[in-house]
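Got a sequence here, can you model it:
(chains A and B)
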Number of protein chains: 2
Amino acid sequence: MPRPLNLIVLGTAGAGKSALTATFGKWIEQNTDQKVAYINLDPGCDFVPFEPDFDIRDYFTIAQIMRDESLGPNGAMVRASEMLEQRAGEFSKQINEIEADIRLIDTPGQMEVFLFHGGPEIAKLMEGVTISLFLTDAEVAAKATGLVFTRLLGLSIGLRLGVPAISVLNKIDLAQGKLAEIDRMLADAELLKERVVKESSGVMIDLTLGLSRVLPDLLPAARVVKASAKTGEGMRELYDIVHEVFCACGDLT
Amino acid sequence: MPRPLNLIVLGTAGAGKSALTATFGKWIEQNTDQKVAYINLDPGCDFVPFEPDFDIRDYFTIAQIMRDESLGPNGAMVRASEMLEQRAGEFSKQINEIEADIRLIDTPGQMEVFLFHGGPEIAKLMEGVTISLFLTDAEVAAKATGLVFTRLLGLSIGLRLGVPAISVLNKIDLAQGKLAEIDRMLADAELLKERVVKESSGVMIDLTLGLSRVLPDLLPAARVVKASAKTGEGMRELYDIVHEVFCACGDLT
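The predicted structure follows:
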């Protein structure tokens, strides 16, 4: 990978973003010759399981905003995202100066706030090729509507940040009995459709059918990776698909 | 509207959920003969601008969880959602007992946590017809990719909760100069496509084109309402579209 590759690690609160950032980074360092840098953009975390080369908490934290501006947690998070947005130029300049082949970027616990404020600006200002990883709990994807929901959110995120998204079903160690079923639904669009219809209520059938019809074209099943930040499973598969998307981007940009 | 109608008011942090709940409720009370009940499911808010008939804060609050379990704000929000999920049966039973024609349900600031835990269970257990309102900032929808993003998120939410979703572009008082452009993009799929292509980067063109092709079928433009919780604009339009979707649901369920 010749130019810096930025991997923005996104996911809902509790999906295991920081753990995956640490595990995937370590795997890359041990199994390839790529130099990894770690970026923490979450001002609300207590600790991160990696040593950050850039840490937003050096500038502000949620706890400090709550104290200084007498805000509740909700308000402080919105405020933090606004600060990220306003200072996106300054922060991305700092990040761009970090020498690395791959920059792993951990993001705020509250994904939606980041997607509305700060995220798009940072993604745009980052030098090199940028790809996002969208983490959800594998448990959610074990239901057909959950799987469609996950892929649809992945699509939305990619669109919002203007970069390709890879869906990562994390915590597969906790969902072992359900992985075969997830694979079957990913491989067989007809089966997924059947399942979705069975799970949906009357008024939602049209929508869910429409979605299952178009999703395979919009987000290839190959872009869904099963992994565990805890056990390290799926790291090679994740690296391979990242590499593949990176090369496809490299041809186009 | 013969049976209770549940309106789940969703939206990203800062989108104005509580304000819209209050304004829309008051509008319904003043302009129709419908009896309104107010439900607060946000354990993280400091105050709500309506008088709740059911308040989740009577059971737990984010601040209290932070203290009792020594958690940071991120952890406390995840924990609160798990508690909402576990006690969904108890809470929805209480809510179902509140006599009203329309129940307005305000939800946690962190939409994504609610969507993954608690939200689907509550939506399923609510008696009557349930519809969700998905609020975003009108400012976001003034860009073509923002508009597509908003509609896609609305779709995802509807799918996840298993109920129809109406997209509400809130805070139009702050985006007056951009409303005509939003209307044009909503009405003219070709124009929206052009704009999206112009705003997108090279690698995202295929995805965005694919999305703008399928979106009009999946989520009708008519399901996007422009409103202001602050000035009260758009409340009648919102009521009309809610009524329309309610009747369509009534025919099917």
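
counting contacts, what elements does whichever strand in chain A runs longest pack onto?
For chain A, the longest strand by residue count, based on DSSP state E, is strand A:129-137. With contacts taken as 3 or more C-beta pairs under 8 Å, 6 or more residues apart in numbering or on different chains; DSSP states H and E, strand A:129-137 sits against strand A:5-11, helix A:17-31, helix A:144-161, strand A:165-170, helix A:235-252. For every residue, glycine as well, the C-beta is placed using N, CA and C.

Turn those into JSON lines, columns for mean neighbour count.
What follows is these, written out as JSON lines (neighbours: other C-beta atoms under 10 Å in any protein chain shown):
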{"stretch": "strand A:5-11", "mean neighbour count": "25"}
{"stretch": "helix A:17-31", "mean neighbour count": "20"}
{"stretch": "helix A:144-161", "mean neighbour count": "25"}
{"stretch": "strand A:165-170", "mean neighbour count": "27"}
{"stretch": "helix A:235-252", "mean neighbour count": "16"}
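
Tell me which of these lies nearest to residue B:196.
Checking the helices and strands packed on strand A:129-137 against residue B:196 by C-beta to C-beta gives helix A:144-161 as the closest, at 8.9 Å.

is any part of the closest one close to chain B?
Yes. Helix A:144-161 reaches chain B (C-beta under 8 Å from any C-beta of the partner chain) through A:145-146, A:148-149, A:152-153, A:155-156, A:158-160.

partners of the longest strand of chain A in the sheet?
Applying DSSP bridges, strand A:129-137 is found paired with strand A:5-11 (parallel), strand A:165-170 (parallel).

pLDDT averaged over that strand, what's the number?
Strand A:129-137 carries an average pLDDT of 93.

Same question for stretch A:47-61.
The pLDDT scores in stretch A:47-61 average 95.

distance between the ends of that stretch?
One end of stretch A:47-61 to the other measures 12 Å (C-alpha to C-alpha, to the nearest Å).

Mind listing residues that contact the helix or strand of chain A with the lowest mean pLDDT?
Ranked by mean pLDDT, DSSP states H and E, the helix or strand of chain A with the weakest confidence is helix A:205-218, at a mean of 70. Under the contact criterion C-beta atoms under 8 Å, 6 or more residues apart in numbering or on different chains, helix A:205-218 has outside partners A:145, A:148, A:151-152, A:155, A:189, A:192-193, A:196-197, A:200, B:155, B:158-159, B:164, B:207, B:210-211, B:214, B:217-218.

From the contact counts, what lies against the next helix or strand after that helix?
Where DSSP states H and E defines the elements, the next helix or strand beyond helix A:205-218 is strand A:224-226. Secondary-structure packing of strand A:224-226 (3+ C-beta pairs under 8 Å, 6+ apart): strand A:165-170, helix A:179-187, helix A:235-252.

Now tabulate the strands paired with strand A:129-137 in CSV and tack on mean pLDDT and distance to residue A:241.
Compiled in CSV, those are given as follows (pLDDT from 0 to 100; distance: least, C-beta to C-beta, whole Å):
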stretch, mean pLDDT, distance to residue A:241
strand A:5-11, 95, 11
strand A:165-170, 92, 6
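
wait, which of those is closest to residue A:82?
Distance to residue A:82, taken as C-beta to C-beta, is lowest for strand A:5-11 among the strands paired with strand A:129-137, at 18.7 Å.

got the angle between that closest one and helix A:235-252?
Going by axes from the mean of the first three to the mean of the last three C-alpha atoms, to 10 degrees, strand A:5-11 is angled at 120 degrees with respect to helix A:235-252.

quick one: contacts of strand A:5-11?
Applying C-beta under 8 Å, 6+ apart, the external contacts of strand A:5-11 come out as A:17, A:20-21, A:24, A:101-107, A:111, A:114-115, A:119, A:122-123, A:126, A:128-136, A:157, A:161, A:163, A:168, A:170, A:242, A:246.
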